[in-house]
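S.K.: Quick one, structure for this:
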Amino acid sequence: MQTVKMVVTGPFSAGKTEFIQSVSEIDVVATERKITSADERSVKESTTVAMDFGRITVDEDLVLYLFGTPGQKRFDFMWEILSEGMLGFIVMVDSTRPETFREARSILETFRAYAPTPYVVAANKQDKKDAWELGDMRHALRLDQQVKLLSCVATERETVKTVLLELLYSILAEMETGG
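M.R.: Numbers count the residues shown, from 1 in each chain. Down below sits the predicted model:
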(Lines give C-alpha, C1' and ligand atoms only; values in the text may rest on other atoms or scores of the structure.)
Protein backbone atom coordinates (compact mmCIF):
# COMPACT_ATOMS: atom_id res chain seq x y z
CA MET A 1 0.00 0.00 0.00
CA GLN A 2 1.26 3.47 -0.97
CA THR A 3 0.73 6.32 1.48
CA VAL A 4 0.97 9.94 0.45
CA LYS A 5 1.45 12.69 3.01
CA MET A 6 -0.12 16.01 2.02
CA VAL A 7 -0.01 19.20 4.05
CA VAL A 8 -2.88 21.69 4.03
CA THR A 9 -1.61 25.12 4.99
CA GLY A 10 -2.62 28.75 4.71
CA PRO A 11 -3.47 31.83 6.77
CA PHE A 12 -5.68 31.91 9.87
CA SER A 13 -9.33 31.13 9.08
CA ALA A 14 -8.69 30.14 5.44
CA GLY A 15 -10.68 26.89 5.86
CA LYS A 16 -7.96 24.27 6.44
CA THR A 17 -9.77 22.36 9.21
CA GLU A 18 -13.10 22.36 7.32
CA PHE A 19 -11.28 21.19 4.18
CA ILE A 20 -9.88 18.13 5.97
CA GLN A 21 -13.11 17.44 7.87
CA SER A 22 -15.22 17.42 4.73
CA VAL A 23 -13.22 14.60 3.11
CA SER A 24 -11.62 12.55 5.91
CA GLU A 25 -12.92 9.01 6.39
CA ILE A 26 -11.86 9.09 10.04
CA ASP A 27 -12.80 11.59 12.70
CA VAL A 28 -10.30 14.38 12.23
CA VAL A 29 -7.75 14.61 14.99
CA ALA A 30 -7.92 18.33 15.70
CA THR A 31 -6.05 20.52 18.16
CA GLU A 32 -8.57 23.34 18.30
CA ARG A 33 -8.49 25.80 21.18
CA LYS A 34 -10.79 28.68 22.06
CA ILE A 35 -9.53 32.02 20.80
CA THR A 36 -8.72 34.58 23.46
CA SER A 37 -8.08 37.61 21.24
CA ALA A 38 -11.19 39.72 20.49
CA ASP A 39 -9.89 40.52 16.97
CA GLU A 40 -9.57 36.86 16.04
CA ARG A 41 -12.81 35.90 17.80
CA SER A 42 -14.68 38.19 15.41
CA VAL A 43 -13.64 35.82 12.57
CA LYS A 44 -14.15 32.46 14.36
CA GLU A 45 -14.36 30.93 17.83
CA SER A 46 -11.42 28.50 17.83
CA THR A 47 -8.08 27.96 16.13
CA THR A 48 -5.74 25.05 15.37
CA VAL A 49 -2.71 25.15 17.66
CA ALA A 50 -0.70 22.09 16.54
CA MET A 51 -2.30 20.27 13.60
CA ASP A 52 -5.33 18.60 12.12
CA PHE A 53 -5.04 15.06 10.83
CA GLY A 54 -7.32 13.20 8.44
CA ARG A 55 -7.14 10.20 6.14
CA ILE A 56 -8.77 9.30 2.84
CA THR A 57 -8.44 5.96 1.04
CA VAL A 58 -8.30 6.54 -2.71
CA ASP A 59 -8.29 2.82 -3.54
CA GLU A 60 -6.87 -0.40 -2.04
CA ASP A 61 -3.37 0.68 -3.07
CA LEU A 62 -3.39 4.35 -2.08
CA VAL A 63 -4.11 6.25 1.13
CA LEU A 64 -3.75 10.01 1.59
CA TYR A 65 -2.74 11.39 4.96
CA LEU A 66 -3.77 15.00 5.37
CA PHE A 67 -2.01 17.23 7.87
CA GLY A 68 -3.47 20.69 8.48
CA THR A 69 -1.16 23.35 9.84
CA PRO A 70 -2.01 26.10 12.30
CA GLY A 71 -2.60 29.37 10.49
CA GLN A 72 -1.45 31.75 13.18
CA LYS A 73 2.15 32.98 13.14
CA ARG A 74 2.68 32.12 16.80
CA PHE A 75 2.26 28.42 15.96
CA ASP A 76 4.45 28.45 12.82
CA PHE A 77 7.11 26.34 14.56
CA MET A 78 4.81 23.40 13.69
CA TRP A 79 5.08 24.10 9.95
CA GLU A 80 8.55 22.64 9.46
CA ILE A 81 7.71 19.61 11.62
CA LEU A 82 4.53 18.92 9.63
CA SER A 83 6.33 19.39 6.29
CA GLU A 84 8.73 16.50 7.06
CA GLY A 85 8.09 13.76 4.50
CA MET A 86 5.31 15.56 2.67
CA LEU A 87 4.95 14.71 -1.01
CA GLY A 88 2.89 17.81 -1.75
CA PHE A 89 0.98 20.66 -0.17
CA ILE A 90 -2.11 22.78 -0.59
CA VAL A 91 -2.17 26.48 0.24
CA MET A 92 -5.71 27.46 1.28
CA VAL A 93 -6.63 31.07 0.62
CA ASP A 94 -9.87 32.74 1.71
CA SER A 95 -11.14 34.33 -1.53
CA THR A 96 -13.17 36.87 0.46
CA ARG A 97 -10.26 38.22 2.55
CA PRO A 98 -7.70 39.93 0.29
CA GLU A 99 -5.93 41.24 3.39
CA THR A 100 -4.65 37.64 3.86
CA PHE A 101 -3.24 37.24 0.32
CA ARG A 102 0.24 38.54 1.19
CA GLU A 103 0.46 36.16 4.15
CA ALA A 104 -0.72 33.27 1.92
CA ARG A 105 2.08 34.09 -0.54
CA SER A 106 4.62 34.13 2.31
CA ILE A 107 3.37 30.75 3.59
CA LEU A 108 3.64 29.30 0.06
CA GLU A 109 7.25 30.48 -0.20
CA THR A 110 8.05 29.07 3.26
CA PHE A 111 6.74 25.61 2.34
CA ARG A 112 8.55 25.70 -1.02
CA ALA A 113 11.74 26.30 0.96
CA TYR A 114 11.05 23.29 3.26
CA ALA A 115 10.64 20.92 0.31
CA PRO A 116 10.42 21.56 -3.45
CA THR A 117 7.37 19.30 -3.78
CA PRO A 118 4.31 19.81 -5.99
CA TYR A 119 1.65 22.15 -4.65
CA VAL A 120 -1.67 23.68 -5.56
CA VAL A 121 -3.44 26.80 -4.32
CA ALA A 122 -7.08 26.40 -3.28
CA ALA A 123 -9.20 29.55 -3.57
CA ASN A 124 -11.66 28.81 -0.79
CA LYS A 125 -15.13 30.32 -0.25
CA GLN A 126 -15.75 30.69 -3.98
CA ASP A 127 -19.47 30.30 -3.21
CA LYS A 128 -19.56 33.70 -1.45
CA LYS A 129 -20.75 36.77 -3.34
CA ASP A 130 -17.68 38.81 -2.31
CA ALA A 131 -15.18 36.14 -3.42
CA TRP A 132 -12.42 37.35 -5.73
CA GLU A 133 -12.27 35.97 -9.28
CA LEU A 134 -9.52 33.39 -9.83
CA GLY A 135 -7.70 35.56 -12.38
CA ASP A 136 -7.57 38.48 -9.95
CA MET A 137 -6.39 36.19 -7.15
CA ARG A 138 -3.66 34.74 -9.38
CA HIS A 139 -2.40 38.27 -10.05
CA ALA A 140 -2.63 39.35 -6.38
CA LEU A 141 -0.84 36.19 -5.21
CA ARG A 142 1.80 36.57 -7.97
CA LEU A 143 1.28 32.99 -9.17
CA ASP A 144 2.79 31.84 -12.47
CA GLN A 145 0.35 30.46 -15.05
CA GLN A 146 1.58 26.89 -14.50
CA VAL A 147 0.63 26.98 -10.78
CA LYS A 148 -2.74 25.30 -10.28
CA LEU A 149 -5.15 27.79 -8.68
CA LEU A 150 -8.35 25.88 -7.99
CA SER A 151 -11.81 27.02 -7.02
CA CYS A 152 -12.85 25.47 -3.72
CA VAL A 153 -15.56 25.44 -1.08
CA ALA A 154 -14.00 23.67 1.92
CA THR A 155 -17.36 22.44 3.21
CA GLU A 156 -18.24 20.75 -0.12
CA ARG A 157 -16.72 17.29 -0.40
CA GLU A 158 -16.65 17.31 -4.22
CA THR A 159 -14.57 20.51 -4.58
CA VAL A 160 -12.22 19.29 -1.84
CA LYS A 161 -11.77 15.97 -3.69
CA THR A 162 -11.02 17.89 -6.91
CA VAL A 163 -8.27 19.88 -5.18
CA LEU A 164 -6.78 16.72 -3.64
CA LEU A 165 -6.86 14.87 -6.96
CA GLU A 166 -5.14 17.75 -8.78
CA LEU A 167 -2.35 17.69 -6.21
CA LEU A 168 -2.17 13.89 -6.37
CA TYR A 169 -1.86 13.99 -10.18
CA SER A 170 1.01 16.49 -9.82
CA ILE A 171 2.73 14.27 -7.25
CA LEU A 172 2.35 11.15 -9.41
CA ALA A 173 3.60 12.98 -12.52
CA GLU A 174 6.68 14.13 -10.59
CA MET A 175 7.31 10.58 -9.30
CA GLU A 176 7.14 9.22 -12.87
CA THR A 177 9.64 11.77 -14.17
CA GLY A 178 11.90 11.28 -11.16
CA GLY A 179 11.55 14.98 -10.32
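S.K.: which residues of this protein fall in helices?
M.R.: 16-23, 38-41, 77-83, 101-114, 134-141, 157-177 (DSSP state H).
S.K.: From the contact counts, what lies against the first one?
M.R.: Read it as helix 16-23. strand 2-9, strand 29-34, strand 46-59, strand 62-68, strand 88-94, helix 157-177 (3 or more C-beta pairs under 8 Å, 6 or more residues apart in numbering; DSSP states H and E). For every residue, glycine as well, the C-beta is placed using N, CA and C.
S.K.: Kindly report the same for the fifth one.
M.R.: With contacts defined as 3+ C-beta pairs under 8 Å, 6+ apart, the secondary structure elements packing on helix 134-141 are helix 101-114, strand 119-124, strand 149-151.
S.K.: Give me whichever of these is most buried.
M.R.: strand 119-124 (a mean of 26; mean count of other C-beta atoms under 10 Å).
S.K.: Outside of that one itself, list whatever touches it.
M.R.: 10, 14-15, 19, 88-95, 104, 108, 111-112, 131-132, 134, 137, 141, 143, 147-154, 163, 166-167, 170 (C-beta atoms under 8 Å, 6 or more residues apart in numbering).
S.K.: Now do that strand against strand 88-94, angle only.
M.R.: Between strand 119-124 and strand 88-94, the angle comes out at 30 degrees (axes from the mean of the first three to the mean of the last three C-alpha atoms, to 10 degrees).
S.K.: about what we covered before: select only the buried ones of the contacts of strand 119-124 in PyMOL?
M.R.: This is the PyMOL syntax for the buried subset of those, where burial follows 16 or more other C-beta atoms under 10 Å:
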select buried, resi 10+14+15+19+88+89+90+91+92+93+94+95+104+108+111+131+132+134+137+141+143+148+149+150+151+152+153+154+163+166+167+170
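S.K.: what about residue 80, how many neighbours?
M.R.: 14 (other C-beta atoms under 10 Å).
S.K.: No further questions, thank you.
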